[in-house]
Structures are given as structure tokens and as C-alpha cells.
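**Q** sequence first, then the predicted structure, then my questions.
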Amino acid sequence: MAEQEFKEGSYSNLPIGRNEDVEFSAELADEDDIEAQKRAAAADARAEKA
């Protein structure tokens, strides 16, 4: 995206998604969801060691 578009506030209407709690449904999870959950757990473990 061009720098000018960024300066004009094109991102101002985007929702803020950090620190949001989401509900995980094992029944609806696919392989990508399970892999993402494993990767997130591994990242959390690495962060705790640091």
C-alpha cells in the first residue's frame, strides 16, 4: 500500500483485534486450527522461558 494511502487514514476503520478472547470449538476445528493451536502453545512456552 502506498505511503500516501496510509497517511490518509485508510486503516482507521479497521477493527482492533489484539487481546480479544475467542472461543475455540474442537468440534469445528480443522487441521489448520489444530496446528495453529500447537504453534501458539509452543510460542507461549518460549516466551515464558525468556
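**A** That came in fine, so what should we check first?
**Q** and the contacts of whichever helix in the chain runs longest?
**A** Secondary structure of the chain per DSSP state H: the longest helix is helix 31-49. Contact with helix 31-49 is made by F24, A29, as judged by CB atoms under 8 Å, 6 or more residues apart in numbering. C-beta coordinates here come from the backbone N, C-alpha and C atoms, glycine included.
**Q** where does D44 land on pLDDT?
**A** At D44, the model reports a pLDDT of 93.
**Q** ok, E23 next?
**A** 81.
**Q** which phi and psi does it have?
**A** phi -90, psi 130 (degrees, to the nearest 10).
**Q** give the helix, strand or coil label for N13.
**A** Following DSSP: H, G, I helix; E, B strand; the rest coil, the label given to N13 is coil.
**Q** export the longest helix of the chain as PDB, just CAs?
**A** Backbone C-alpha positions of helix 31-49 (Å, rounded to 0.1, in the frame of the first residue of the first chain) are rendered in PDB as follows:
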ATOM      1  CA  GLU A  31      -6.200 -29.400  10.800                       C
ATOM      2  CA  ASP A  32      -5.100 -25.800  10.300                       C
ATOM      3  CA  ASP A  33      -6.800 -24.700  13.600                       C
ATOM      4  CA  ILE A  34      -5.200 -27.600  15.500                       C
ATOM      5  CA  GLU A  35      -1.700 -26.700  14.000                       C
ATOM      6  CA  ALA A  36      -2.200 -23.100  14.900                       C
ATOM      7  CA  GLN A  37      -3.100 -24.000  18.500                       C
ATOM      8  CA  LYS A  38       0.000 -26.100  18.800                       C
ATOM      9  CA  ARG A  39       2.200 -23.400  17.400                       C
ATOM     10  CA  ALA A  40       0.600 -20.800  19.800                       C
ATOM     11  CA  ALA A  41       1.300 -23.100  22.800                       C
ATOM     12  CA  ALA A  42       4.900 -23.500  21.700                       C
ATOM     13  CA  ALA A  43       5.300 -19.700  21.300                       C
ATOM     14  CA  ASP A  44       3.800 -19.200  24.800                       C
ATOM     15  CA  ALA A  45       6.300 -21.700  26.200                       C
ATOM     16  CA  ARG A  46       9.200 -19.900  24.500                       C
ATOM     17  CA  ALA A  47       8.000 -16.600  25.800                       C
ATOM     18  CA  GLU A  48       7.800 -17.800  29.400                       C
ATOM     19  CA  LYS A  49      11.500 -19.100  29.200                       C
END
